[in-house]
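Visitor: Got a predicted structure here, sequence first:
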Amino acid sequence: MLNSQQPVRRANKEPWLAVNLSLFFPGIGQIYAGKLGKGIVFTVSQLLLLAIAAWSVFSPAGNTVTGLSFLALGAGVYVLNLFDAHKYVKKQTPQQPKATPAPKKQAHSSFSLSPSSFNKEPWKAVFLSQILPGLGHLYLEKLMTGGLFLSGIIVAANLSALFSPLLICPPALYAIAAYHAYVAAPEHPGKSKQLISGIVGAIIALRLTTAYLPVWVERRVERFTIPSTSMVPALQIGDGILVSKNSHYLPERGDPIVFKFPETAQTEEVPAGTLFVKRVIGKPGEVVQVSSGRVCVNGKPLQENYIGLPPVYEWGPETVPAGSYFVLGDNRNDSFDSHVWGFLPAGNIVGKAYKIYWPPARIGALR
């Protein structure tokens with residue numbers, strides 16, 4: 001029989017439930033534990049760190065190294081928040097009375113659990129399942145089920161990497177593993193299937209957000225690495241650049257843009273679809289001419305402080321067709337651009353290159 005003090009345990013907070021809640025976002029576990037002020041501090045701190053990190057990485061004026069540093073600091077706050085939530089609730093919780101051991105003949109019954117299984121905490125099993133499906137079941141000494149979940153998450157992760165519609169599979173498996181680990185744990189007072197259902201819903205929402213966030217970002221900002229010297233001095237070989245992708249983007253003169261090489265100009269050395277980065281010089285309807293080392297648009301020479309040496313070739317004058325652009329590399333005399341292969345169709349433009357994000361010594365806005 002159990003100690004008569006056991007019913008008091010129902011009103012107590014669960015340390016590992018606090019950890020599970022803090023796993024979703026820092027501060028939630030502290031708020032559950034009754035530490036509203038500390039929970040708000042954790043939540044606001046994490047939001048600020050993530051906001052500064054995102055701004056530093058993606059903003060033209062931000063420093064990528066600073067962003068990564070704040071991201072690392074955010075990871076530290078996240079881990080600290082988990083330990084803090086568990087520690088605080090643990091201090092508030094009286095020791096759980098131990099159950100009286102069952103008689104020997106009952107312990108050897110085919111339906112009895114091993115003595116250690118009575119000490120397993122359901123919310124700890126849920127936490128481990130959130131770290132990796134199957135770990136919670138291994139903790140509960142359900143080896144076969146744990147192995148199946150571990151194998152399943154490996155298969156699901158590989159399939160989702162190959163087929164984006166299957167990105168929902170890993171989050172679903174995490175949620176199923178957490179729920180199954182909870183209901184598979186030995187019964188104890190205070191257990192709530194309504195609460196675990198809410199946790200499962202939160203797991204799916206969080207995991208789906210985490211899975212689709214990179215996809216959402218890549219639809220708006222893409223990374224490229226410079227392979228040639230055609231844009232020297234603005235861009236060097238090995239520079240990592242960020243390109244803003246917007247279907248409504250209208251290039252302006254002087255914009256460095258990334259585009260797919262036109263099919264009409266493809267060669268054996270440069271197949272169609274190869275990505276290039278050049279600078280917009282002429283827009284639709286404008287007359288472009290390269291003569292005597294200067295580039296003129298509509299008869300007016302451009303002030304180009306971004307080039308290294310003036311062009312030594314002659315080109316034009318020609319009018320840029322509707323729906324097309326005239327683009328040149330900043331390294332005018334060593335660039336495979338519009339003066340060689342013609343005008344660039346607007347539909348080939350991927351986006352505007354707006355920032356050098358790497359290496360650290362060259363981080364800055366691209367002009």
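Guide: That came through, no problem. Numbers count the residues shown, from 1 in each chain.
Visitor: Please, where are all the helices along the chain?
Guide: Along the chain, counting by DSSP state H, helices occupy 15-24, 28-32, 36-58, 64-92, 104-107, 122-131, 135-139, 143-162, 169-184, 193-218, 338-341.
Visitor: Worst mean pLDDT among these?
Guide: Comparing mean pLDDT over the helices of the chain, the weakest stretch is helix 104-107, at a mean of 44.
Visitor: So what's the residue count around residue 25?
Guide: Residue 25: 17 surrounding residues under other C-beta atoms under 10 Å. (C-beta placed from N, C-alpha, C; glycine too.)
Visitor: Repeat that for residue 262.
Guide: Neighbourhood size, residue 262 [other C-beta under 10 Å]: 20.
Visitor: Repeat that for residue 302.
Guide: The burial count assigned to residue 302 is 15, neighbours taken as other C-beta under 10 Å.
Visitor: Please dump the helices of the chain into CSV; it should also carry mean neighbour count for every row.
Guide: What follows is the helices of the chain, written out as CSV (neighbours: other C-beta atoms under 10 Å):
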stretch, mean neighbour count
helix 15-24, 23
helix 28-32, 23
helix 36-58, 17
helix 64-92, 17
helix 104-107, 9
helix 122-131, 23
helix 135-139, 22
helix 143-162, 15
helix 169-184, 21
helix 193-218, 14
helix 338-341, 18
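Visitor: Reformat those as CSV; add distance to residue 306.
Guide: Output for those, formatted as CSV (distance: least, C-beta to C-beta, whole Å):
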stretch, distance to residue 306
helix 15-24, 47
helix 28-32, 50
helix 36-58, 23
helix 64-92, 22
helix 104-107, 82
helix 122-131, 50
helix 135-139, 55
helix 143-162, 40
helix 169-184, 46
helix 193-218, 28
helix 338-341, 16
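Visitor: Can you say which of those is nearest to residue 286?
Guide: Shortest distance between residue 286 and those, using C-beta to C-beta, is found for helix 338-341: 12.4 Å.
Visitor: which other helices and strands contact the closest one?
Guide: On a contact count with 3 or more C-beta pairs under 8 Å, 6 or more residues apart in numbering; DSSP states H and E, helix 338-341 meets strand 275-282, strand 324-328.
Visitor: ok, back up a step: nearest to residue 287 among the helices of the chain would be which one?
Guide: helix 338-341 (13.7 Å).
Visitor: what's the closest one in contact with?
Guide: For helix 338-341, contacts defined as C-beta atoms under 8 Å, 6 or more residues apart in numbering pick out 262, 265, 278, 281-282, 290, 311, 313, 315, 325-328, 344.
Visitor: List buried members of the residues you listed by neighbour count.
Guide: Neighbour-count burial within those applies to 262, 278, 281, 282, 290, 311, 315, 325, 326, 327, 328, 344; the criterion is 16 or more other C-beta atoms under 10 Å.
Visitor: how about these, which pair is most distant?
Guide: Farthest pair in those, by C-beta to C-beta: 262 and 311, 21.2 Å.
Visitor: Just checking the distance from stretch 172-187 to the centre of its chain.
Guide: 27 Å (C-alpha atoms, centre = their mean, to the nearest Å).
Visitor: OK, contacts around the residue nearest to residue 133 when sequence neighbours are not counted?
Guide: In this structure, residue 133 finds its nearest non-sequential neighbour in residue 177, 3.5 Å apart by C-beta to C-beta, 6 or more residues apart in numbering. Going by C-beta under 8 Å, 6+ apart, residue 177 touches 129, 133, 134, 136, 137, 149, 153.
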